[in-house]
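Asks: Provided below are the primary sequence and the corresponding predicted coordinates.
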Amino acid sequence: MLAEIITIGDEILIGQIVDTNSAWMARELNAIGIKVKQVTSVSDDENHIIEALAQAEKRARIILITGGLGPTKDDITKFTLAKYFNMGMRRDEATLEHVTTFFKKYNRPMIEGNIRQADVPDGCTVIQNKNGTAPCMLFNHEGNIIISMPGVPFEMMYLMQEEILPRLKVAFDLPFIYHKTILTANIGESFLAQELEEVENNLPATIKLAYLPRLGQVRLRLSSSGPDEQLLKLEVDSWAQQIVSRVKPYVVVEDDIALEKAMLDIMKERKVTLSTAESCTGGYIAHLITQHPGCSAVYEGGAVTYSYELKESVLGVKAETLAAFGAVSEETVREMALGAIAHFNTDYSVAVSGIAGPDGGTEDKPVGTVWIAVATRTGVTAKVFNFGNKRLQNIERSAIAALSMILKQLNDDAD
């Protein structure tokens with residue numbers, strides 16, 4: 001079963017907001033056996049919306065639309081849908097009652113624009129939006145289901161979870177879709193493909209292998225669909241194990257989770273703690289870690305020590321070390337990492353110091369030079385990286401490299 005998502009709004013096309021709705025909807029649809037064929041963003045233009053909808057109906061049985069349902073003149077979605085389906089407009093009394101109650105609850109006046117929220121195409125099925133005033137509208141058209149929802153994320157999510165997904169499960173005989181994800185690090189996409197060529201060539205036609213690269217890591221995703229959930233999982237998992245055995249040194253975790261979450265899970269299981277000492281990454285490593293609930297079981301905290309003075313006073317880096325080797329050096333990051341262990345009393349620490357750019361580089365230390373050290377209570381290891389000249393990418397690459405080094409240390413300690 002195929003679906004298509006259409007998001008409506010000039011604000012998306014000019015980059016004023018990011019379309020997070022489509023990614024969320026795609027995940028939810030996939031989980032119940034519906035594959036998303038295409039995602040399209042269109043402007044608040046009648047002809048553009050009609051063209052996109054007509055094309056979508058040629059490709060998919062289910063079309064989900066978000067946006068353009070507000071009370072202002074630029075919100076034209078429901079009127080455009082009425083034109084597309086050759087319908088008139090009617091005032092839905094249940095929606096009017098809901099909108100009236102909504103504004104009364106918050107002691108706000110009901111103006112004409114709010115009353116018009118209850119006007120809907122006369123051939124649609126209205127689904128009440130308990131989290132807002134714009135109703136959700138469902139159309140059955142030549143065997144296809146078209147659903148128009150508000151673009152406000154929490155309103156759309158409520159409608160999807162409570163109303164739309166249950167209806168789609170009843171309306172269609174949906175297959176089971178299974179994905180198995182393997183997270184790898186410290187190996188490039190092309191090298192992975194070379195290592196897995198034989199396995200990939202032998203994969204049955206029913207299983208697809210996708211490479212999902214990101215800075216410093218690649219996700220391998222095996223996907224398949226069918227009526228028998230148990231048999232499907234057994235087959236996909238069997239092929240996944242063949243892949244893992246081929247690239248085991250680079251496998252972080254057999255799950256679709258972030259690199260730092262994999263690290264946190266391992267450290268939590270071993271009941272060990274971590275601290276960070278950051279310079280060029282400016283707290284980005286700490287941010288990646290602390291976005292995950294439960295990280296406090298592992299992460300004690302850290303310090304962003306940009307200046308020489310703070311490296312000395314907070315982490316105990318020697319003034320002689322900084323004077324002789326500079327902040328971006330093996331000697332300095334080793335002392336930063338060991339200082340974090342000592343001052344924050346953790347089992348592990350990671351320290352990063354580099355030249356993120358776009359300026360500040362020298363002939364012997366060009367922009368993109370980054371030193372990273374990982375320390376334990378018994379020792380410290382350090383490594384230099386040479387990234388590019390783009391600041392934000394250098395910060396992200398440094399963080400990923402630091403996390404990968406911690407994971408390597410954890411693997412070494414487990415042997």
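Replies: That came through fine.
Asks: domains for this protein, by residue range?
Replies: Per automatic domain parsing, the domain ranges recorded for the chain read 2-171, 176-253, 259-414.
Asks: tell me which of those is the most buried.
Replies: Across these, averaging neighbours per residue (mean count of other Cβ atoms under 10 Å) puts domain 259-414 on top, at a mean of 19. For every residue, glycine as well, the C-beta is placed using N, CA and C.
Asks: so how far is it off the chain centroid?
Replies: Between the mean C-alpha location of domain 259-414 and the chain-wide mean there is a distance of 24 Å, by Cα atoms, centre = their mean, to the nearest Å.
Asks: so how far does that domain reach from one end to the other?
Replies: Using Cα to Cα, to the nearest Å, the gap from the first to the last residue of domain 259-414 comes to 18 Å.
Asks: what sits against P71?
Replies: G113, N114, R116, Q117, T133 (Cβ atoms under 8 Å, 6 or more residues apart in numbering).
Asks: any chance of those residues in JSON lines, plus secondary structure, pLDDT and distance to I400?
Replies: Compiled in JSON lines, the contacts of P71 are given as follows (DSSP: H, G, I helix; E, B strand; the rest coil; pLDDT from 0 to 100; distance: Cβ to Cβ, whole Å):
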{"residue": "G113", "secondary structure": "helix", "pLDDT": "79", "distance to I400": "48"}
{"residue": "N114", "secondary structure": "helix", "pLDDT": "82", "distance to I400": "48"}
{"residue": "R116", "secondary structure": "helix", "pLDDT": "86", "distance to I400": "50"}
{"residue": "Q117", "secondary structure": "helix", "pLDDT": "87", "distance to I400": "46"}
{"residue": "T133", "secondary structure": "coil", "pLDDT": "87", "distance to I400": "44"}
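Asks: now do the SS call for M110.
Replies: Taking DSSP: H, G, I helix; E, B strand; the rest coil as the rule, one finds M110 in the coil state.
Asks: now it: phi and psi?
Replies: In terms of degrees, to the nearest 10, the main-chain angles of M110 are phi -90, psi 110.
Asks: helix or strand: which one has the residue nearest to it when sequence neighbours are not counted?
Replies: With Cβ to Cβ, 6 or more residues apart in numbering as the measure, F103 is the residue that lies nearest to M110, at 5.1 Å, once sequence neighbours are left out. Remark: F103 resides in helix 93-105, with elements defined by DSSP states H and E.
Asks: quick one: mean pLDDT for that helix?
Replies: This predicted structure assigns helix 93-105 an average pLDDT of 88.
Asks: what's the offset of that helix from the middle of its chain?
Replies: The gap between where helix 93-105 is centred and where its chain is centred comes out at 36 Å by Cα atoms, centre = their mean.
Asks: equivalent analysis for stretch 194-202, please.
Replies: Offset of stretch 194-202 from its chain centre (Cα atoms, centre = their mean): 28 Å.
Asks: residues contacting that stretch, please?
Replies: Everything outside stretch 194-202 that qualifies as a contact, by Cβ under 8 Å, 6+ apart, is I187, A193, L209, L220, W239, Q242, I243, R246, V247.
Asks: counting contacts, what elements does the lengthiest helix in the chain pack onto?
Replies: If each helix of the chain is counted by residues according to DSSP state H, the longest one is helix 391-414. Helices and strands in packing contact with helix 391-414 are listed as strand 176-185, helix 259-270, helix 284-290, strand 348-354, strand 369-376, strand 380-386; criterion 3 or more Cβ pairs under 8 Å, 6 or more residues apart in numbering; DSSP states H and E.
Asks: got JSON lines for these, with mean pLDDT too?
Replies: Supplementary listing: these in JSON lines, determined by pLDDT from 0 to 100:
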{"stretch": "strand 176-185", "mean pLDDT": "92"}
{"stretch": "helix 259-270", "mean pLDDT": "96"}
{"stretch": "helix 284-290", "mean pLDDT": "98"}
{"stretch": "strand 348-354", "mean pLDDT": "98"}
{"stretch": "strand 369-376", "mean pLDDT": "98"}
{"stretch": "strand 380-386", "mean pLDDT": "97"}
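Asks: would you turn those into CSV with distance to Q230?
Replies: Listed next are these as CSV, based on distance: least, Cβ to Cβ, whole Å:
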stretch, distance to Q230
strand 176-185, 9
helix 259-270, 26
helix 284-290, 36
strand 348-354, 40
strand 369-376, 42
strand 380-386, 44
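Asks: go through these and name the closest to S225.
Replies: The minimum distance between S225 and those falls on strand 176-185, with 4.5 Å, by Cβ to Cβ.
Asks: chain center to the closest one, what's the gap?
Replies: Using Cα atoms, centre = their mean, the mean C-alpha position of strand 176-185 is found 15 Å from that of the whole chain.
Asks: cool, stretch 152-171 as well?
Replies: Between the centre of stretch 152-171 and the centre of its host chain there is 21 Å, according to Cα atoms, centre = their mean.
Asks: using CSV, write out every CA atom in it.
Replies: These are the backbone C-alpha positions of stretch 152-171, laid out as CSV (Å, rounded to 0.1, in the frame of the first residue of the first chain):
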residue,chain,number,x,y,z
VAL,A,152,0.5,22.5,13.5
PRO,A,153,2.6,19.5,14.6
PHE,A,154,0.9,18.6,17.9
GLU,A,155,-2.6,18.9,16.2
MET,A,156,-1.5,16.7,13.3
MET,A,157,0.1,14.1,15.6
TYR,A,158,-3.0,13.8,17.7
LEU,A,159,-5.2,13.3,14.6
MET,A,160,-2.8,10.8,13.1
GLN,A,161,-2.5,8.7,16.3
GLU,A,162,-6.0,8.8,17.5
GLU,A,163,-8.1,9.0,14.3
ILE,A,164,-6.3,8.5,11.0
LEU,A,165,-4.0,5.5,11.6
PRO,A,166,-6.8,3.4,13.2
ARG,A,167,-9.1,4.2,10.2
LEU,A,168,-6.4,3.2,7.7
LYS,A,169,-5.8,-0.1,9.5
VAL,A,170,-9.5,-0.9,9.1
ALA,A,171,-9.8,0.3,5.5
